[in-house]
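S.K.: fold the following.
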Amino acid sequence: MKNIRSTLAAVWRISAPYFRSEDKWAGRGLLAAVIVIELAIVGINVLINQWNARFYNALQDRNWDSFVSEIIYFCVVVSIFVVLAVYQLYLNQWLQIRWRRWMTAQYLGDWLHQANHYRMQLQGDAADNPDQRMTDDVKLFVDRTLNIGLGLLNSIVTLASFVGILWALSNAAPLHLFGQDFAIPGYLVWGALIYSVLGTILTHLIGWPLVGLDFRQQQYEADFRFNLVRVRENSEQIALLHGEQAERERLLVRFGRVVENWLGIMSRTKKITAFTASYNQASVVFPYVLVAPAYFAEKIQLGGMMQTASAFSNVQGALSFFITIYRQLAEWQAVINRLDGFEAGIVAARELTTRDDRIHVVRAGGGAIDLKALTLRLPNGAPLVNADGFSLRRGERTLVTGPSGSGKSTLFRAIAGIWPFGSGSITAPAGATLMMLPQRPYFPTGTLRAAVEYPAKEGVFTTGQISQTLELVGLPKLASQLDEHGHWNRTLSLGEQQRLGLARALLHVPQYLFLDEATASLDEPSEAALYRLLEAKLPATTIISIGHRSTLDVFHDRNVVLARAGDGFALQDNKSAAAS
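M.R.: Residues are numbered from 1 along each chain as shown. Okay, here's the model as predicted:
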């Protein structure tokens, strides 16, 4: 019961925001229409049940006029049913796509909000494969929630509609055994109830492991797909290292988990299918077994028996709702668990920015980036960098050096406001524009124009501005490819990518430009030429570089180093580091 309550609470928590959103009236209207049609369909089932008695009595009495009348009545009712079924499906699908669109937009917004996606990875990303959560899981959640919810509503209303009919038929056709009538009030209702309860219990006992199996199947499928994408994106390095055999073995290991878990699903599905198929077939003849003695004792007519069988089938079907959709329920619960975990991961990552023991990034007046009592830590709490009373002065070009793993890139991440682990404060000038260029810049898939303008919207800069900038950074041949679509991180060499990244900086003209080994893949003359270009074209930009080449000293006014200090590293001017 506790598990059911927690599942329903998760369903409410995930689904309710849509029906309170800006799209609430459309969503509520579509949902109300679908529910009304569902109730109308149940009403038609009641009419068809009553029609059964009249139609089969007409057959038994060989009443031609009544037979023709009932056929016409049936055609009219079924025509209405078809129209309702068509529009229910149409409106249901319309609601699904609107609901899914809203949920996807919300998840994308929360996931990408202020580097939340990056902090989720730093936490180990307990909500693994966010791409799957926002595609397959959202789609399945919306589909299963509507279908299961409507199915449950149909079962409740059907039970309420037919249990009275079946109770009355129990009195009209009493239980007849061994030549005697047994007056058991509503015995057909009790028979349907006992039959359904036993079936539900047995179905749950056989099928409950499917919840965990479905959860793991989606996880293993997503993991296999993710690693296939990684191989595709790193195909050049794999080919250079002749790592195809190693990758094949690694991928087959991951696919082996998919196969092994699928075999578990097959085995469990076989068992539950064998039971539910037997149960459903037995339910066809079970009401006739109960009513046939009364019919052969001439207590009821053929129409009465057929109406009783139909009413029994409806009541038993309503009571057996969980048996018929158990497979969907297992899948639905797995989807709920994954989305609930994804939301929890988003919240946990967001809370990293509101904790007291965090790095406070402040936008205030002044002409420098000031580090006060700053301590950077690794996600496991180990100290990494300490800096107190240190300033990156505006207009000064600073080179940051230090051994690998000393936290140089992490310092840049903290200044950018995306590294939450640590304490102290970083004060940056209010309204100042910062741009970070890593060693491997990111370019979105699309046109080259959009790639170089990123993160601005495409079209912010003119073709002439972009072409001139590409020529300045040594990529004149790309000027004719601005409107070509491509995966630029794969089609361009790393050196070309770094030149393109600097072209982005020249276009955006940031006030602070952080270069994290952003020219490391270029030869020294090309690197020197690009630094001179930055000096000429961005004279007012404060440049802070991470680099290891001594040739970079001449392009910077100041050299600071991350030197070993206790368990971590301390940021010091090069002179004080040398003295220590």
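
S.K.: hey, let's count contacts and neighbours off CA atoms from now on
M.R.: Fine.

S.K.: skipping adjacent residues, who's closest to the most centrally placed residue in the chain in space?
M.R.: With distances taken as CA atoms, centre = their mean, Arg133 lies nearest the centre of the chain, 1.9 Å away. Nearest non-adjacent residue to Arg133, counting by CA to CA, 6 or more residues apart in numbering: Leu339, 6.3 Å away.

S.K.: and that neighbour, helix, strand or coil?
M.R.: Classification of Leu339 using DSSP: H, G, I helix; E, B strand; the rest coil returns helix.

S.K.: which strand is the longest one in the chain?
M.R.: strand 368-377 (DSSP state E).

S.K.: pull the residues that contact it.
M.R.: For strand 368-377, the external contacting residues (CA atoms under 8 Å, 6 or more residues apart in numbering) are 359, 383-394, 410-411, 414, 421-429.

S.K.: tell me the contacts of Pro185?
M.R.: Trp167, Ser170, Asn171.

S.K.: so is it in a helix, a strand, or just coil?
M.R.: Three-state call for Pro185 (three-state DSSP): coil.

S.K.: residues contacting the closest residue to Ile359 other than its chain neighbours?
M.R.: Of all residues not flanking Ile359 in the chain, Ser423 sits nearest, at 4.5 Å (CA to CA, 6+ apart). Going by CA under 8 Å, 6+ apart, Ser423 touches Asp357, Arg358, Ile359, His360, Ala373, Leu374, Thr375, Leu376.

S.K.: the third one: neighbour count?
M.R.: The one in question is Ile359. Counted with other CA atoms under 10 Å, the neighbours of Ile359 add up to 27.

S.K.: distance of it relative to Thr353?
M.R.: 8 Å (CA to CA, to the nearest Å).

S.K.: do the same with the fourth one
M.R.: Separation of His360 from Thr353 (CA to CA) stands at 9 Å.

S.K.: what about the host helix or strand of Gln572, distance to the chain center?
M.R.: Assigned by DSSP states H and E, Gln572 falls within strand 568-573. Averaging C-alpha positions (CA atoms, centre = their mean, to the nearest Å) puts strand 568-573 41 Å from its chain's average.

S.K.: what are the contacting residues of it?
M.R.: So strand 568-573 is contacted by 383-387, 390, 406-407, 558-564 (CA under 8 Å, 6+ apart).

S.K.: again, only this time at 7 Å
M.R.: Residues from elsewhere that reach strand 568-573, judged by CA atoms under 7 Å, 6 or more residues apart in numbering: Pro383, Leu384, Val385, Asn386, Ala387, Ser406, Asn559, Val560, Val561, Leu562, Ala563, Arg564.

S.K.: average model confidence for the helix ranked longest in the chain?
M.R.: In the chain, taking DSSP state H as the definition, the longest helix is helix 244-296. The predicted model assigns helix 244-296 a mean pLDDT of 84.

S.K.: repeat that for stretch 347-361.
M.R.: 85.

S.K.: can you check stretch 302-316 too?
M.R.: Mean predicted confidence for stretch 302-316 is 76.

S.K.: ditto for stretch 529-544
M.R.: 94.

S.K.: that stretch: which residues count as buried?
M.R.: Leu530, Tyr531, Leu533, Leu534, Glu535, Leu538, Thr541, Thr542, Ile543, Ile544 (16 or more other CA atoms under 10 Å).

S.K.: low-scoring stretches of the stretch 1-150 of the chain, by residue?
M.R.: 1-2, 124-128 (pLDDT under 70).

S.K.: helix, strand or coil for Asn559?
M.R.: Classified using three-state DSSP, Asn559 is strand.

S.K.: for it, which non-adjacent residue is spatially closest?
M.R.: Spatial nearest neighbour of Asn559, excluding adjacent residues (CA to CA, 6+ apart): Leu399 at 4.8 Å.

S.K.: just give the number of residues close to that neighbour.
M.R.: The number of residues near Leu399, taken as other CA under 10 Å, comes to 24.

S.K.: can you say which helix or strand has it in it?
M.R.: strand 398-401.

S.K.: need the next SSE after that strand, C-terminal direction.
M.R.: Going down the chain from strand 398-401, the next helix or strand is helix 408-416, by DSSP H and E.

S.K.: now tell me what touches that following helix from outside.
M.R.: By CA under 7 Å, 6+ apart, helix 408-416 touches Trp419, Ile426, Asp516.

S.K.: give the contact list for the second one.
M.R.: Spelled out, that is Ile426. By CA under 7 Å, 6+ apart, the contact set of Ile426 is His360, Val361, Val362, Ile369, Asp370, Leu371, Lys372, Ile415.

S.K.: before we move on, what about the last one?
M.R.: If you count contacts by CA under 7 Å, 6+ apart, Asp516 has them with Ser409, Leu437, Pro438, Gln439, Ser545, Ile546.

S.K.: OK, contacts around Leu95?
M.R.: Contacts for Leu95 (CA under 7 Å, 6+ apart) come out as Gly27, Leu30.

S.K.: next, the buried residues of stretch 22-37.
M.R.: For stretch 22-37, burial by neighbour count (16+ other CA under 10 Å) applies to Gly27, Leu30, Leu31, Ala33, Val34, Ile35, Ile37.

S.K.: and the furthest pair within the contacts of Ile426?
M.R.: Within these, His360 and Ile369 form the most distant pair, 12.8 Å apart (CA to CA).
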